[in-house]
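1. Quick check, what structure comes out for this input:
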Amino acid sequence: MDYDYACFISYKRPPKPVYPSGVTPPKATKHIWLQFAEAFEEKLSPYLTTRIGIFRDEYLQPGIDYQKQISQSLCRSVCMVALVVPEYFESKWCVAEWLAMQDLEEKRLGRGKQELIIPVVCVGEFETLENYLGTRLAKAFDIRNIVSPSRQLNTLTNLRKIEAIARMINGLVNRIPVTPMSIDCSSFSVVSGSDDVTPKIEERSPFGQ
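-> Numbers count the residues shown, from 1 in each chain. Okay, the predicted model is just below:
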């Protein structure tokens with residue numbers, strides 16, 4: 001089985017607002033996190049020189065088995081780009097995706113290798129991220145202070161950072177074996193983000209305090 005995707009974009013989905021009965025919700029606007037994910041993918045895609053593209057859960061069809069599709073799509077991705085916001089490591093789904101790619105990383109590259117997770121810090125302080133990113137923090141891309149993603153990600157400075165991310169992905173696609181050896185992606189599973197699942201990252205996030 002060949003890889004289907006050059007990279008899997010992992011990001012925190014915004015919470016769904018709840019309104020009291022009888023209250024008419026205001027006209028919906030896309031949350032800044034979703035705006036960032038969409039704009040980031042749009043800017044990244046033209047720099048990829050691979051025959052395979054990008055996976056983001058926006059492309060999943062309604063009614064499908066979400067956990068199964070996420071699991072197989074992650075397994076069939078060469079690497080993962082994590083769009084880190086304050087709540088990323090408070091999300092059980094995001095943590096599950098991170099740990100699953102970390103597991104794949106060890107299986108594909110060997111113990112101690114850290115190349116298949118590319119952190120992109122969108123919001124937050126680097127000092128508070130060390131408990132979560134560890135040695136990956138030194139290689140994290142800093143794309144913060146964005147309030148209008150479609151416009152601000154188009155600046156020369158940010159485009160150069162996105163181009164650098166694309167170069168990393170292109171290099172991994174060319175270097176990692178075409179077939180994910182000894183891994184059966186059909187049975188690979190990302191631990192569910194349901195309430196009864198406790199993520200392995202036990203520390204309470206310093207964000208949001």
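
2. show me where the protein has strands.
-> 5-11, 53-55, 77-84, 117-121, 141-142 (DSSP state E).

3. can I get those strands in a markdown table with distance to K161?
-> Heads up, the C-betas are built off the backbone N, CA and C, glycines and all. Output for these, formatted as a markdown table (distance: least, C-beta to C-beta, whole Å):
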| stretch | distance to K161 |
| --- | --- |
| strand 5-11 | 15 |
| strand 53-55 | 17 |
| strand 77-84 | 12 |
| strand 117-121 | 8 |
| strand 141-142 | 5 |
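
4. So which bits of the longest helix belonging to the chain are buried?
-> Counting by DSSP state H, the longest helix found in the chain is helix 156-175. Under the neighbour-count criterion of 16 or more other C-beta atoms under 10 Å, helix 156-175 has N158, K161, I162, I165, A166, M168, I169, N170, L172, V173 buried.

5. OK, contacts around the fifth one?
-> A166 is in contact with L44, Y47, L48, T49, counting by C-beta atoms under 8 Å, 6 or more residues apart in numbering.

6. mind checking pLDDT for the third one?
-> What the model reports as pLDDT for L48 is 96.

7. Okay, the spatially closest residue to Q35 that is not a sequence neighbour and R111: tell me how far apart.
-> The shortest distance from Q35 to any non-neighbouring residue, by C-beta to C-beta, 6 or more residues apart in numbering, is to P149 (4.7 Å). According to C-beta to C-beta, to the nearest Å, P149 and R111 sit 37 Å apart.

8. Which one of those two is surrounded by more residues?
-> P149 (23 against 7; other C-beta atoms under 10 Å).

9. The more buried one contacts W33, correct?
-> No - with contact defined as C-beta atoms under 8 Å, P149 does not count as touching W33 (9.4 Å).

10. measure I52 to S91 for me?
-> 26 Å.

11. Who has more neighbours out of those two?
-> More neighbours surround S91 than the other of I52 and S91, with 19 against 16 (other C-beta under 10 Å).

12. how close does the more buried one sit to L159?
-> 28 Å.

13. what's the answer for F55, then?
-> Applying C-beta to C-beta to F55 and L159 gives a distance of 22 Å.

14. How about R111?
-> 35 Å.

15. Then N174?
-> 22 Å.

16. wait, I32 sits on N145?
-> No - with contacts counted by C-beta under 8 Å, I32 stays clear of N145, the gap being 12.0 Å.

17. Sounds good, over and out.
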